[in-house]
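>>> Build the 3D model from these lines:
(one chain, ligands or ions: 2)
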Amino acid sequence: MKSIITSSRKTVILTVLIFISMYLFLNDSHPFMGCKSEQLTTKKDTIVPWKYPDVSSLKEDGADNVIRLGRKIFLETYKYIGPDMKDSSKRFLGNNMDCQNCHFKGGTVKYVLGLVGTYSNYPAFDARSDKIISIKERINQCMTRSMNGKPLPEDSEEMSALTAYLKWLSTDVPKGTRAEGNGVPKIDLIKRAADPVNGKLVFARNCMTCHAENGYGVLNDPGNVVVAADSLNGYDFPPVMGPDSYNDGAGTYRLLTSTSFIYSKMPYNDAVLSLEDSYDVAAYINSQPRPKKENLDKDYPNLKLKPVDAPFPPYDDKFTDIQHKYGPYQQMLKDGESSKMIDPNTAVNK
Ligand code: HEC
Ligand code: HEC
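Ligands and ions are numbered 1, 2, ... in the order given. Have a look, this model is predicted:
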């Protein structure tokens, strides 16, 4: 009897210890999940100013030429690894977009998925795969989702160049610190589900002029045919839906991420939408046909870390696909989180 009590006590103590360490681990891992929430980051990270070197400082030597190449690939991705490359062994992208269609101006713009300092935070814990990943693995997530393509081999010239470019962008951000302005800004949750029907009207009013009536974008091509691109000039205005857009496994397919992006930066240079209209137009865009990613059910193997707005099963809650896709999210978030501004990257299921 005595020994049974002792062993069950041991079990209790062990269980408590496991829970405490899990709690600590999860808190610690938040910053690695791309969380830029002030409360969490100031606890652990040192925030440094948004500072990156000037391109004109690059010399004409071997190492700097690799950085220069990486920058070119980032700015005109379709030209180096696009689906229409003459050399078929270089066809990695599934669309004709470029990295800076979302990571503006080479990833140097604050609060719009800027990549200054990103390199300094990798390897990092990745909730999507539930493991620590390298910067190359993270780039390949955008390759296979945002660019709807294939992963670049880790030892390829293009991957080395992109990595060298991102490393250079982080020159002024010491390892373990974070540049102020990473990620996308936090947004408030709205109380209703996002409404793609109103979103369609918002799109017609505020987006069509650039992204085209059907949302397929406008090619940088004198003959301008607005179908899946067949040119190496990319887009003047990138597609936000249709076959040449990001796929349904991309971060931009998640309502909170795309709403935050649109609310803070679209229409381009004139972000005038209300928060509600931003939710609705994001919902509209993501309700329209686009390429599909296979095996999405394998994403977020730890369902506790699956963001509420990742709208594909399985889930560890009772909410429907539709609610995961369009909200409202209040009741889906952890207790106490509902009324706060939330960071799209940390919106996890309860
Ligand atoms: C359609 C928009 C889009 C395009 C195009 C895109 N990305 Fe991304 N990228 C995102 C989003 C959204 C995130 C953040 C996802 C999240 O954490 O919720 C991201 C995150 C990243 C990160 C990790 C950032 C961090 O702080 O952890 C890297 C690195 C990255 N992208 C590189 C690239 C590269 C290189 C390309 C071009 C090959 C590219 N991206 C193209 C949308 C895009
Ligand atoms: C004045 C032109 C203009 C208007 C109007 C505009 N955009 Fe954009 N949008 C752009 C440009 C240009 C880019 C790419 C920026 C770059 O490559 O540097 C972009 C990029 C995007 C992207 C990320 C890349 C992609 O294709 O997925 C999304 C999403 C987006 N816009 C949505 C919208 C929405 C929604 C609206 C309406 C509320 C809108 N935009 C209105 C010019 C515009």
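>>> In the stretch 201-350 of the chain, where is pLDDT below threshold?
In the predicted model, the stretch 201-350 of the chain carries pLDDT under 70 at residues 222-231, 334-350.
>>> Write out the residues of the protein neighbouring ligand 1.
Contact residues, the chain versus ligand 1 (C-beta under 6 Å from any ligand atom): 34, 77, 97, 99, 101-103, 113, 115, 118, 138-139, 142-143, 146-147, 162, 182, 246, 250-252, 257, 345. (Glycine included, C-beta is placed from N, CA and C.)
>>> Of those, just the buried ones, PyMOL syntax please.
Typed into PyMOL, the line below selects the buried ones among the residues of the chain next to ligand 1, using 16 or more other C-beta atoms under 10 Å:
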select buried, resi 34+77+97+99+101+102+103+113+115+118+138+139+142+143+146+147+162+182+246+250+251+252+257+345
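>>> taking the residues of the chain next to ligand 1 one by one, which sit in helices?
Using DSSP state H, the subset of those located in helices is 77, 138-139, 142-143, 162, 257.
>>> what pLDDT, on average, does stretch 55-63 get?
Mean pLDDT, computed over stretch 55-63, is 93.
>>> Please compute how far that stretch lies from its chain's middle.
On the basis of C-alpha atoms, centre = their mean, to the nearest Å, stretch 55-63 sits 29 Å off its chain's mean C-alpha point.
>>> Over to stretch 72-88?
Distance of stretch 72-88 from its chain centroid, counting by C-alpha atoms, centre = their mean, is 21 Å.
>>> Quick check: end-to-end length of that stretch?
End-to-end span of stretch 72-88 (C-alpha to C-alpha, to the nearest Å): 20 Å.
>>> So what touches that stretch?
By C-beta atoms under 8 Å, 6 or more residues apart in numbering, the list of residues contacting stretch 72-88 from outside reads 90-100, 103, 106-107, 147, 149, 152, 158, 161-162, 165, 229-234.
>>> May I see the PyMOL selection of the buried members of these?
The buried subset of those, as determined by 16+ other C-beta under 10 Å, is captured in PyMOL by this line:
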select buried, resi 92+93+94+95+96+97+98+99+100+103+106+107+147+149+152+158+161+162+165+229+231+232+234
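>>> Could you list which of the contacts of stretch 72-88 also contact ligand 2?
Contacts with ligand 2 within the contacts of stretch 72-88, counted by C-beta under 6 Å from any ligand atom: Q100.
>>> Nearest residue to the middle of the protein?
Central residue of the chain (C-alpha atoms, centre = their mean): G251, 4.1 Å from the mean position.
>>> Who are the contact partners of it?
Going by C-beta under 8 Å, 6+ apart, G251 touches 145-146, 257.
>>> same check, this time on V48
V48 neighbours (C-beta under 8 Å, 6+ apart): 117, 172-174, 177-180.
>>> Excluding covalently adjacent residues, which one is nearest to V173?
Closest residue to V173 apart from its sequence neighbours, by C-beta to C-beta, 6 or more residues apart in numbering: G117 at 3.6 Å.
>>> do the same with K110
Closest to K110 by C-beta to C-beta, 6+ apart is G181, at 3.2 Å.
>>> Cross-check the contact I'm expecting between that neighbour and V116.
Yes: assessed by C-beta atoms under 8 Å, G181 is found in contact with V116 at 7.2 Å.
>>> Identify the contacts common to the two.
Here G181 and V116 have 50, 110 as joint contacts, going by C-beta under 8 Å, 6+ apart.
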